[in-house]
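In: after the sequence you'll find the predicted model.
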Amino acid sequence: MSMKMEFNNQEYYFLPHVKINALLDYLHHQGFSCIGPQIKQDAIVYEELHDSEQLPWGLRDYQMPGQYRLEENNVKRAFSWANGPQAIKPQLFKPKESLWRVARDSHGKLTFKNVTHEMKPIALFGVRSCDVAGMLIQDKAFLTEPFVDKHYQARRENVFVIAVNCGYSSNNCFCVSTNTGPQVKAGYDIALTEIDDGFVVTVGSAAGEALINKISLKHATDEMQQAMQREINNAATMQSKAMPFDNTRVVRDLLMNNLDHPQWDDVAARCLSCGNCTSVCPTCFCSSETETPALDRIESEHSREWDSCFTEGHSYIHGKVIRDDTKSRYKQWLTHKLATWWDQFDTSGCVGCGRCVTWCPVGIDITAEVAAIAKPAVDDSASE
Ligand code: SF4
Ligand code: SF4
């Protein structure tokens, strides 16, 4: 939906909380499966959303390096939290999916068949700005010619994005320094900002405008628009973390010029090589492919699943594991994400969501690691 369209509607509308279900009903009638935030196993996850009552009302997330918990905040709001362990990535780039099957006939001839998946259009309700930015970065990995991923493309072309600007940042958010939030800039159909009793709505696509017209939203008042701006400013000013040098190419050069820095040994002594950081990262896109033969030895299924630069198998080439220690794996992750991603995609691979900090079991903080490697340069820039 929001994939290719240039759109310019500067109007502000108001969606009262009591009309969320009208919005969901409209999307369901349009054939969308609605996915939205809700509580599961004490975390906010994105699953099938049928009713606004499923949303995480009155909750706030407390995040620190290696820590996440939900707390009640006694405010009748659905989005007074920052983010959970996942949002868009698993919806478009499936953690595991079958790609093709191969069968052998009685003469030994092999026949390959593509596996087709049901691709019901999905409406993602309540996506944070950093996650929309992450999706736009994954588009570069999956949709750049000539290597277009048909599975990702089929889902991506049918996704309707309802973004929610943040009014609150966790202790691990740093999207201001990566220029990816807290207000969504592109890649959405409509964007909501929660204020008392509802949301101020802005429109990002023709499909979004059709939705606004269909559910008959009134214009937001000047006071509502001011309240919206206060919410976004609040989320921005409460961020205490930042990526050095605003996540620019300067970070790229600093990392690539410091490949022998002692900090790589320091972080390797703490890192467990578990791969949590890559699983939760909205931009990481590495996968591995496997062949699973059926017991009758006539058919076999070829599938792919998320992989990580922290696994031993990911760097296995012709009988040798290229990155056989944690130091080289962490270095690969950080230098790809923040450095060579620029060479590949003309952008950083980090959108400042802070998930890798929160969900790292030993609380390794990407901003602190970069700051340690960049320290002399940071000191120089501070004294200028
Ligand atoms: S590297 Fe960490 S902070 Fe940056 S986008 Fe990935 S998970 Fe978020
Ligand atoms: S940095 Fe943390 S989350 Fe990532 S592999 Fe190391 S221990 Fe696991």
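Out: Happy to help now that I have it. Residues are numbered from 1 along each chain as shown. Ligands and ions are numbered 1, 2, ... in the order given.

In: kindly report the residues of the stretch 251-384 of the chain close to ligand 2.
Out: Within the stretch 251-384 of the chain, the positions adjacent to ligand 2 are 271-277, 310, 360-362, 364 by C-beta under 6 Å from any ligand atom. Quick note: C-beta positions are derived from backbone N, CA and C, even for glycine.

In: most neighbours, which of these?
Out: Among these, the one with the most neighbours (other C-beta atoms under 10 Å) is residue 277, at 25 neighbours.

In: for it, give me its contacts.
Out: Residues counted as contacts of residue 277 (C-beta atoms under 8 Å, 6 or more residues apart in numbering) are 310, 333, 355-356, 359-360, 364, 366.

In: got those as a markdown table, with secondary structure columns?
Out: Supplementary listing: those in a markdown table, determined by DSSP: H, G, I helix; E, B strand; the rest coil:
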| residue | secondary structure |
| --- | --- |
| 310 | coil |
| 333 | helix |
| 355 | helix |
| 356 | helix |
| 359 | coil |
| 360 | coil |
| 364 | coil |
| 366 | helix |
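
In: how about CSV for the residues of the stretch 251-384 of the chain next to ligand 2, with pLDDT, secondary structure and distance to residue 156 added?
Out: Formatted as CSV, those follow (pLDDT from 0 to 100; DSSP: H, G, I helix; E, B strand; the rest coil; distance: C-beta to C-beta, whole Å):
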residue, pLDDT, secondary structure, distance to residue 156
271, 98, coil, 32
272, 98, coil, 33
273, 97, coil, 31
274, 98, coil, 29
275, 98, coil, 25
276, 98, helix, 25
277, 98, helix, 24
310, 97, coil, 27
360, 98, coil, 29
361, 98, coil, 32
362, 98, coil, 34
364, 98, coil, 31
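
In: measure stretch 265-282 end to end?
Out: Chord length of stretch 265-282, first to last residue, is 26 Å (C-alpha to C-alpha, to the nearest Å).

In: that one and ligand 1 in contact?
Out: Yes. For stretch 265-282, a contact with ligand 1 is found by C-beta under 6 Å from any ligand atom, at 280-282.

In: and those, which of them are in helices?
Out: Among these, the residues falling in helices (DSSP state H) are residue 280.

In: what does the host helix or strand of residue 233 rub up against?
Out: Element membership of residue 233 [criterion: DSSP states H and E] is helix 222-237. Residues external to helix 222-237 that are found in contact with it (C-beta under 8 Å, 6+ apart): 12, 14, 165-169, 173, 176, 181-183, 193-196, 200, 220.

In: related to what we said a few turns ago, ok, which of the contacts of residue 277 also contact ligand 1?
Out: On the criterion C-beta under 6 Å from any ligand atom, 355-356, 366 are the entries of the contacts of residue 277 that sit beside ligand 1.

In: got the domain boundaries for the protein?
Out: The chain breaks down by automatic domain parsing into domains covering 13-237, 244-377.

In: how about the ones you listed in CSV, adding distance to residue 7?
Out: Listed next are the domains of the chain as CSV, based on distance: least, C-beta to C-beta, whole Å:
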stretch, distance to residue 7
domain 13-237, 5
domain 244-377, 22
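
In: which SS class is residue 160?
Out: strand.

In: and the residue of the stretch 151-300 of the chain found nearest ligand 1, how many residues sit next to it?
Out: At 3.3 Å from ligand 1, residue 281 is the closest residue in the stretch 151-300 of the chain, using C-beta to the nearest ligand atom. If you count neighbours by other C-beta under 10 Å, residue 281 ends up with 23.

In: list the contacts for it?
Out: With contacts defined as C-beta under 8 Å, 6+ apart, residue 281 is in contact with 89, 134, 337, 353, 355-356.

In: quick check: buried residues in stretch 120-133?
Out: 122-133 (16 or more other C-beta atoms under 10 Å).

In: could I have that stretch exported to PDB, CA atoms only?
Out: The C-alpha trace of stretch 120-133 is given here as PDB (Å, rounded to 0.1, in the frame of the first residue of the first chain):
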ATOM      1  CA  LYS A 120      -3.500 -12.700   2.900                       C
ATOM      2  CA  PRO A 121      -3.100  -8.900   3.000                       C
ATOM      3  CA  ILE A 122      -2.100  -7.700   6.400                       C
ATOM      4  CA  ALA A 123      -2.800  -4.400   8.200                       C
ATOM      5  CA  LEU A 124      -0.200  -3.700  10.900                       C
ATOM      6  CA  PHE A 125      -1.800  -1.600  13.600                       C
ATOM      7  CA  GLY A 126       0.400   0.400  15.900                       C
ATOM      8  CA  VAL A 127       3.900   0.200  14.400                       C
ATOM      9  CA  ARG A 128       6.600   2.400  15.800                       C
ATOM     10  CA  SER A 129       8.500   4.900  13.700                       C
ATOM     11  CA  CYS A 130      11.800   3.000  14.200                       C
ATOM     12  CA  ASP A 131      10.100  -0.200  12.900                       C
ATOM     13  CA  VAL A 132       8.700   1.500   9.800                       C
ATOM     14  CA  ALA A 133      12.300   2.800   9.200                       C
END
